[in-house]
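Asks: Provided below for reference: sequence and predicted model.
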Amino acid sequence: MGYVMNRTEKPNSISSDFDYNYGEEFVPCNFESANVFATTFQPVLYSLVFVFGLFGNALVLWALMKHKRLKNMTDIYLFNLSLSDLLFVTTLPFWAYSATSEWIFGDFFCKVVSAAYEVGYFGGTMFIILITIDRYLAIVHAVFSVRTRTARNGIISSVVMWCVALFASFPTMIFNKIEIVHDRLVCHIFFPPGNISSWKLFIFFKSNVLGFFVPLAVIVFCYTRIILTLRKNKSCKKHRVIKVIFTVVIVFFIFWAPYNVVMLLESLREQNILTGCALLVQLLIAQQVTETVTFVHSCLNPIIYALLGERFRFYLRRLFYSCLPPSLRCKISDPSHLASRDFPASVRSQSTGDHDSSTVL
């Protein structure tokens, strides 16, 4: 019988193999250090990501629905990105409690929460891709984008990406269930006997390709073309825009690359290319740490993709201004009166396709 390698039991924790065969001469590895992290630090980190992710993404959704009314493609993508991140972070309290105790929420919620986790996880990646392509069209192909960057096309492409994220979560919906493992109820993927290795390799491939390599390729290509286009532009704001671009690329790589490297090493271990008890424990701890780091990205998305945009910051100020009591409003200028001075081209014109790079980014 295999040994429990990860006490968090989340759908993406593929290294939590309850059926792993360590060989006839196997001496049980000491997973105490990994279990300490899983039961002590992960619930705290999950709780922090939940609080900040819930606040940041809910704020973006509120601002978009309150003032912008989702009238263009950019707003629709930002709305769906925040919605997918919100869906993702709402599952973290369940995994945090399961890590410290056991799964007490039943088999039905095991499938529902796991599916929501996966859909939000991959949905966030899909909408990062769409936002990147939207910026690429708005700046590199500004004239062409007038006809393509419409609210209708934004809705259609968003529905397609939600379907992709839903399809990517099918293995979780099918195979996730609760079982008693070492006197604990766990919610985890339990693959059918005989095809365990094949299914695991498929999950590794899906996570690496959809979760990292495809969005990284899109980000690098689109933002490289954007930078080359901006360098020909004499706008004084192009340097700020380029800094934002580098921030997006670097943050994505820092938060996602380590986890995908660990997943690649785990797939090599699954094929017995990498072996050894010490390596097994190190990979488990590395997966727990790097996976938690990727979760932080859902908290940063509102800052990177919404709050760094000038137009969105303007609408956020309007939102806060509208929430102030009348006595304070008299002492503070209405942000709407500053629109013509601060945002001469972009805020007043919602029908031009948002070609101003300073507001698109």
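Replies: Sure thing, it's come through.

Asks: is E179 part of a helix or strand, or is it coil?
Replies: For E179, the assignment made with DSSP: H, G, I helix; E, B strand; the rest coil gives strand.

Asks: now for it: which residues touch it?
Replies: F18, L185, V186, H188, F190 (Cβ atoms under 8 Å, 6 or more residues apart in numbering). To be clear about C-beta, it is placed using only N, CA and C from the backbone, and glycine gets the same treatment.

Asks: among the residues you listed, who's most crowded?
Replies: Neighbour tally across the contacts of E179 (other Cβ atoms under 10 Å): the maximum, 26 neighbours, falls on H188.

Asks: pretty sure it sits in a helix.
Replies: No. Remark: H188 does not belong to a helix; assigned using three-state DSSP, it is strand.

Asks: beta partners of it?
Replies: K177 (DSSP bridges).

Asks: and which of the contacts of E179 is nearest S298?
Replies: H188 (21.8 Å; Cβ to Cβ).

Asks: F109: which of the contacts of E179 is nearest?
Replies: For the contacts of E179, the nearest to F109 is L185 (11.9 Å; Cβ to Cβ).

Asks: let me see the mean pLDDT of stretch 203-212.
Replies: Stretch 203-212 comes out with an average pLDDT of 86.

Asks: kindly apply the preceding question to stretch 270-287 instead.
Replies: On average, stretch 270-287 scores 79.

Asks: make TSV out of the contacts of E179 and add distance to F167 and pLDDT.
Replies: Shown next, in TSV, are the contacts of E179 (distance: Cβ to Cβ, whole Å; pLDDT from 0 to 100):
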residue	distance to F167	pLDDT
F18	26	42
L185	29	88
V186	25	86
H188	21	85
F190	21	82
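
Asks: since we're on R231, how many residues are nearby?
Replies: 9.

Asks: quick one, the lengthiest helix in the chain and strand 176-181 angle?
Replies: Scanning the chain for the longest helix, with DSSP state H as the assignment, gives helix 106-140. Helix 106-140 and strand 176-181 meet at an angle of 130 degrees, taking axes from the mean of the first three to the mean of the last three Cα atoms, to 10 degrees as the criterion.

Asks: how far off centre is helix 106-140?
Replies: Mean-position distance between helix 106-140 and its chain equals 7 Å (Cα atoms, centre = their mean, to the nearest Å).

Asks: just stretch 148-155 next, same as before
Replies: With Cα atoms, centre = their mean, you get 23 Å for stretch 148-155.

Asks: also stretch 200-216?
Replies: A distance of 14 Å separates the centroid of the chain from that of stretch 200-216, by Cα atoms, centre = their mean.

Asks: quick one: end-to-end distance for it.
Replies: Terminal residues of stretch 200-216 lie 23 Å apart, using Cα to Cα, to the nearest Å.

Asks: and what of stretch 301-312?
Replies: Using Cα to Cα, the span of stretch 301-312 from its first residue to its last is 13 Å.

Asks: and for stretch 92-110?
Replies: Span of stretch 92-110 from end to end, Cα to Cα: 13 Å.

Asks: for it, what is the average pLDDT?
Replies: 89.

Asks: ditto for stretch 43-55
Replies: 91.

Asks: could you give me the buried positions within the very next helix or strand once past the longest helix of the chain?
Replies: Going down the chain from helix 106-140, the next helix or strand is helix 142-148, by DSSP states H and E. Within helix 142-148, the residues that count as buried by 16 or more other Cβ atoms under 10 Å are A142, S145.

Asks: which strands and helices lie in contact with helix 142-148?
Replies: helix 106-140 (3 or more Cβ pairs under 8 Å, 6 or more residues apart in numbering; DSSP states H and E).

Asks: quick one: low-confidence ranges for the chain?
Replies: Scanning the chain with the threshold set as pLDDT under 70 gives 1-34, 67-69, 235-238, 307, 309, 311, 321, 324-361.

Asks: circling back: okay, buried residues for the longest helix of the chain please.
Replies: Counting neighbours by 16+ other Cβ under 10 Å, helix 106-140 gives 110-139 as buried.

Asks: now the helix or strand I250 falls within and helix 106-140, what's the angle there?
Replies: Taking DSSP H and E as the definition, I250 sits inside helix 238-270. Compare the direction of helix 238-270 with that of helix 106-140 by the same axes, to 10 degrees and you get 140 degrees.

Asks: other SSEs contacting helix 238-270?
Replies: Using 3+ Cβ pairs under 8 Å, 6+ apart, helix 238-270 is in contact with helix 196-208, helix 214-231, helix 277-301, helix 357-360.

Asks: what's the most buried one of these?
Replies: Mean neighbours per residue, mean count of other Cβ atoms under 10 Å, is largest over these for helix 357-360, with a mean of 22.

Asks: pick out the residue nearest the middle of the chain.
Replies: G124 (4.2 Å; Cα atoms, centre = their mean).

Asks: isn't it up against D85?
Replies: Yes. G124 is in contact with D85 according to Cβ atoms under 8 Å; the separation is 5.3 Å.
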